[in-house]
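Participant: Mind looking at a prediction? Sequence and model below.
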Amino acid sequence: MKRTLTAAGLILLLPLMVSAAPKDPVGPEVIRAFQAAGLPVEENGIRPIDFELSLLDGTRLKLADLKGRPVFLNFWATWCGPCRSEMPSMEAVYKRLKDRGFGILAVNVGEDSKQVSPFMRRYGLSFPVAFDTTSQVSTRYGIQAIPTTYIIDKRGLIISRIVGSIDWNTPEIIAAFESLL
């Protein structure tokens, strides 16, 4: 199922983030690929709010540490049915693109490793998971529904926001992600 948001809608949904300077806009090939996939695209990008969270393996990660490569930033929870339904397609994208520099960071909202570890094993998920146990990060990002996914380009700027569950493992979406590599 394709979802479409306008760039104006994307900006309105990101009230706490600052728009980037238009001197370095997203390239036309990326715009075409995202439009062909039915994904919204913000041509100038929006600077994300940096955060630091613990990962499932106990290490800590800052979002800024991922700058220089495209990142699929997903907010989710184990109790969320739509989140569970999109996880297999996220895993397929991760396996297909991780060795080419495409990253996934799944930020679990409000839960801890006792709930998430068994979930990850049960669904055979291997992408990195961070814990927003106090929901401070998701609140700063204005998350009102999960799953919510942000696509961040190599410049470290958000170029897309998708609310709701979709099948990420489609030829059109894979081509859009490959256009970022």
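Facilitator: Happy to help now that I have it. Residues are numbered from 1 along each chain as shown.
Participant: Show me which parts of stretch 100-117 are buried, residue by residue.
Facilitator: For stretch 100-117, burial by neighbour count (16 or more other CB atoms under 10 Å) applies to 102-109, 111, 113, 116. Backbone N, C-alpha and C define where each C-beta goes, glycine included.
Participant: Kindly report the same for stretch 46-64.
Facilitator: Going by neighbour count (16+ other CB under 10 Å), the buried part of stretch 46-64 is 46-48, 51, 53-54, 56, 61, 63.
Participant: The longest helix along the chain - contacts with which helices or strands?
Facilitator: Longest helix of the chain, by residue count under DSSP state H: helix 81-97. Where contact means 3 or more CB pairs under 8 Å, 6 or more residues apart in numbering; DSSP states H and E, helix 81-97 is packed against strand 71-76, strand 103-109, helix 113-123, helix 171-178.
Participant: Any idea which of these gets closest to Ile143?
Facilitator: Among those, strand 71-76 comes nearest to Ile143, with 5.0 Å by CB to CB.
Participant: what's near enough to touch the residue nearest to the spatial centre of the chain?
Facilitator: By CA atoms, centre = their mean, the chain has its centre lying nearest to Leu73, at 2.3 Å. Contact partners of Leu73, counting by CB atoms under 8 Å, 6 or more residues apart in numbering, are 48, 63, 105, 107, 149-152.
Participant: mind checking which helix or strand of the protein has the lowest mean pLDDT?
Facilitator: Within the chain, no helix or strand scores below helix 7-12, which has a mean of 42 by mean pLDDT, DSSP states H and E.
Participant: OK, contacts around Ala77?
Facilitator: By CB under 8 Å, 6+ apart, the contact list for Ala77 reads 83, 108-111, 146.
Participant: show me the contacts for the closest residue to it other than its chain neighbours.
Facilitator: Counting by CB to CB, 6 or more residues apart in numbering, Ala77 lies nearest to Val109, which is 5.2 Å off, once chain neighbours are set aside. Taking CB under 8 Å, 6+ apart, we find Val109 in contact with 75-77, 132, 135, 138, 143, 146.
Participant: so can I have TSV of the residues you listed showing pLDDT and distance to Glu42?
Facilitator: Output for those, formatted as TSV (pLDDT from 0 to 100; distance: CB to CB, whole Å):
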residue	pLDDT	distance to Glu42
Phe75	98	18
Trp76	98	22
Ala77	98	26
Asp132	97	23
Ser135	96	25
Ser138	97	20
Ile143	96	17
Ile146	98	21
